[in-house]
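1. Predicted model follows, preceded by the sequence.
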Amino acid sequence: MTRVAAYDCGTNSLRLLVADITGDRITELARETTIVRLGQGIDATGEFAPEALARTFAACEEYAAIVGPLAPEAQRFVATSASRDAGNREEFFTGVRERLGLDAEVITGREEAELSYLGAVSGVADASTTAPYLVMDLGGGSTELVLGTDTVEQAFSMDIGSVRLTERHLRSDPPTEGEVAAALADIDAAFAEAEQHVDVSRARTFVGVAGTITTITAAALDLPAYDREAIHGAELTAEQTADTTQRLLGMTSEERAGLPYMHPGRADVMGAGALIYARLLERIGQRVRDAGGELRILTSETDILDGIALGRARDAQA
């Protein structure tokens, strides 16, 4: 057994998992999510905003107080999309190091995809699921598509995410038809490029991960509150996702924030996230049907954060 602390710092959220890991079994000791919006404005400015760094560093201090008493044997802090794009990354690195005592690693889109796949598939694969698996990790700045069976075979990171498309296109609240059309054009262009790298038509089990997708699942299930157990392993149809997307897009941010399962820090970008998810599911499902297959659509509460923890434990045990 290895006790691990894993940190996942994305465009929208900073997350922590402290767990005891034996083989591929994760015994969770602490799991936290803080919406820090590190990628605020980065698509336009190319740099982290001072207030975004302040929010992130405050969350790091809170996490340090949680992790310290649990005394993990190994730790890893992974930074993804926003941190790849920022011109003032060193300020971010220094702040993390001062508060947590470890270095933030900016990973590539390929590495992000592989960790997402490891975490997602470990949580849902059983006798009822059929490979190949196609994992989608929908973040604030990027969206990964990862195809594999026992291991990753193909992967691609698209520069579309809930924060990026909200800031770029969905400026009205709720968005206008023209804004939605512009966002869809970006999504379609990104998917056209992704198809050159990932043969989505081979997929038989689709696994959606990360906060946007789990929240959309909660909305589709009309849950009275956010419920990890109800969401994990939930099976949806593309039609349910499309209907839910239209409902969320038609709401104001304030109305979305009032939903019982909605994290208030996601409310303003959930429309764009839902739009990405529904559009990509529509396109992927069509490719699978054209190839004579059927696609099962699942949601997983285990994701890149769990993949970071599993990977770090394996390294520590090697």
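-> Happy to help now that I have it.
2. show me where the stretch 1-150 of the chain has strands.
-> Counting by DSSP state E, counting those that start in this stretch, the stretch 1-150 of the chain has strands at residues 2-9, 13-22, 25-35, 74-79, 104-106, 133-138, 143-148.
3. Using PDB, write down the CA coordinates of the fourth one.
-> Translated: strand 74-79. C-alpha atoms of strand 74-79 as PDB (Å, rounded to 0.1, in the frame of the first residue of the first chain):
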ATOM      1  CA  ALA A  74       4.300  10.300  -2.400                       C
ATOM      2  CA  GLN A  75       2.800  13.400  -4.100                       C
ATOM      3  CA  ARG A  76       2.300  14.800  -7.500                       C
ATOM      4  CA  PHE A  77       0.900  18.200  -8.600                       C
ATOM      5  CA  VAL A  78      -0.200  18.200 -12.300                       C
ATOM      6  CA  ALA A  79      -1.100  21.300 -14.200                       C
END
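4. for that strand, packing partners?
-> strand 2-9, helix 89-100, strand 104-106, helix 304-317 (3 or more CB pairs under 8 Å, 6 or more residues apart in numbering; DSSP states H and E). Placement of C-beta: from N, CA and C, glycine included.
5. per-residue pLDDT, residue 81?
-> pLDDT, residue 81: 65.
6. about what we covered before: who wins for proximity to residue 200 among the helices and strands packed on strand 74-79?
-> Between residue 200 and those, the shortest separation by CB to CB is 19.6 Å, and it involves helix 304-317.
7. what's the angle from that closest one to strand 25-35?
-> For helix 304-317 against strand 25-35, the angle by axes from the mean of the first three to the mean of the last three CA atoms, to 10 degrees is 130 degrees.
8. now for helix 304-317, which elements pack on it?
-> Checking 3+ CB pairs under 8 Å, 6+ apart, helix 304-317 ends up next to strand 2-9, strand 13-22, strand 25-35, strand 74-79, helix 109-124.
9. Which positions within it qualify as buried?
-> 304-314, 316 (16 or more other CB atoms under 10 Å).
10. Then stretch 26-44?
-> So for stretch 26-44, counting by 16+ other CB under 10 Å, buried means 26, 29, 31-40, 42-43.
11. picking that back up, for my notes, please list the helices and strands packed on helix 304-317 in a markdown table and give distance to residue 66 for each entry.
-> Output for the helices and strands packed on helix 304-317, formatted as a markdown table (distance: least, CB to CB, whole Å):
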| stretch | distance to residue 66 |
| --- | --- |
| strand 2-9 | 9 |
| strand 13-22 | 7 |
| strand 25-35 | 5 |
| strand 74-79 | 12 |
| helix 109-124 | 20 |
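12. So which of the ones you listed is nearest residue 286?
-> Among the helices and strands packed on helix 304-317, if distance is taken as CB to CB, the winner is helix 109-124, at 22.3 Å.
13. Can you get me a residue count around the closest residue to residue 171 other than its chain neighbours?
-> Distances taken as CB to CB, 6 or more residues apart in numbering place residue 179 nearest to residue 171, at 6.6 Å, with adjacent residues excluded. Counted by other CB atoms under 10 Å, the residues lying close to residue 179 total 20.
14. So which bits of the strand or helix carrying residue 179 are buried?
-> Per DSSP states H and E: residue 179 is located in helix 177-194. Within helix 177-194, the residues that count as buried by 16+ other CB under 10 Å are 179-180, 183-184, 186-187, 190-191, 194.
15. pLDDT averaged over that helix - what is it?
-> 97.
16. and that helix, what other elements does it pack with?
-> Other helices and strands packing on helix 177-194, by 3+ CB pairs under 8 Å, 6+ apart, are strand 152-158, helix 162-168, helix 270-290.
17. what's the first one in contact with?
-> Contacts to strand 152-158, defined as CB atoms under 8 Å, 6 or more residues apart in numbering, come from residues 81, 108-110, 112-114, 117, 132, 142-148, 190-191, 193-194, 197-199.
18. now could you export just the CA positions of the helix or strand encompassing residue 245 as CSV?
-> Taking DSSP H and E as the definition, residue 245 sits inside helix 238-249. Backbone C-alpha positions of helix 238-249 (Å, rounded to 0.1, in the frame of the first residue of the first chain) are rendered in CSV as follows:
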residue,chain,number,x,y,z
ALA,A,238,-27.1,11.2,-26.8
GLU,A,239,-30.7,12.5,-27.0
GLN,A,240,-30.9,13.0,-23.2
THR,A,241,-27.7,14.9,-23.3
ALA,A,242,-28.9,17.1,-26.2
ASP,A,243,-32.2,17.9,-24.4
THR,A,244,-30.3,18.7,-21.2
THR,A,245,-27.9,21.0,-23.1
GLN,A,246,-30.8,23.0,-24.6
ARG,A,247,-32.3,23.4,-21.1
LEU,A,248,-29.0,24.6,-19.6
LEU,A,249,-28.3,26.9,-22.5
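19. ok, of the buried residues of helix 304-317, which one's closest to residue 171?
-> Nearest member of those to residue 171, counting by CB to CB, is residue 304, at 28.9 Å.
20. Per-residue pLDDT of the closest residue to the closest one other than its chain neighbours, please?
-> Take residue 304 and drop its neighbours on the chain: the residue closest to it by CB to CB, 6+ apart is residue 116, 4.3 Å away. Looking at residue 116, its pLDDT is 85.
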